[in-house]
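# Okay, predicted coordinates and the sequence, questions at the end:
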Amino acid sequence: MVSTMSLGDKPIGRRIRDYTMRIATLLITALVVSAPATSFGCDLIPLTITKSTATWGKLTVTLGDADTVDHPSAWSGPVTISLEGQPVCTVSESVSIVQEPVLLGKNTLFVSTYSGSQRQIYALDIHTCRVVWKSPVYFADPSYAHGMWMMGSRPLLLDKACRPTDRSH
């Protein structure tokens, strides 16, 4: 039963329904905007690092010197990338102190770096070693689960070519 008591020209029951619809619309919009990277056609592949090297098919990534021999968790660089049959290229020195995860998406390699408590993600072109994108600094451990890489509380959103979108800033 809709109340006939009103504040202005609409009954209270109708105002409540209108507000409920607005909230539902906002929630649905928020879910669509924060959808995982896989929903945009980019499936990231977590690379397994053995000592200081990760391989996937014809791709070899070397991360530099490891922090420990037995169970490394960070590598000091320089990062080098090699595709079978092509010369090795070296990534910019700014991409150093790499930590897991290291992810591959089409022709883009994603590496997480840190300095003290500051973290950044770099997107690297695997053919040229050029930095094609870097995230803003964030202060939480990187996480990758269920197709979503989180930069603190912000998701890394990718397009179909596995390049970060403008909404990732």
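Structure received. Residues are numbered from 1 along each chain as shown.
# shaky segments in this structure?
The model of the chain has pLDDT under 70 over residues 1-10, 15-40, 166-169.
# Show me the helices in it, by range?
In the chain, the helices defined using DSSP state H lie at 12-33.
# can you map out the strands along it?
Per DSSP state E, the chain carries strands over the ranges 45-46, 49-50, 53-56, 59-62, 74-75, 80-83, 89-90, 98-105, 108-115, 118-125, 131-134, 143-145, 148-151, 154-155.
# which residues are contacting the third one?
Outside strand 53-56, the residues within contact range by Cβ atoms under 8 Å, 6 or more residues apart in numbering are I45, L47, T48, T60, V61, T62, L63, V102, L104. Using the backbone N, CA and C atoms, a C-beta is placed for each residue, glycine as well.
# Could you export the strands of the chain as CSV, including distance to T165 and mean neighbour count?
Formatted as CSV, the strands of the chain follow (distance: least, Cβ to Cβ, whole Å; neighbours: other Cβ atoms under 10 Å):
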stretch, distance to T165, mean neighbour count
strand 45-46, 19, 14
strand 49-50, 27, 15
strand 53-56, 24, 16
strand 59-62, 24, 18
strand 74-75, 28, 21
strand 80-83, 23, 17
strand 89-90, 25, 15
strand 98-105, 13, 21
strand 108-115, 13, 21
strand 118-125, 11, 19
strand 131-134, 10, 16
strand 143-145, 17, 13
strand 148-151, 13, 20
strand 154-155, 10, 16
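# Of those strands, which is nearest P164?
With respect to P164, and counting by Cβ to Cβ, the nearest of the strands of the chain is strand 131-134 at 4.7 Å.
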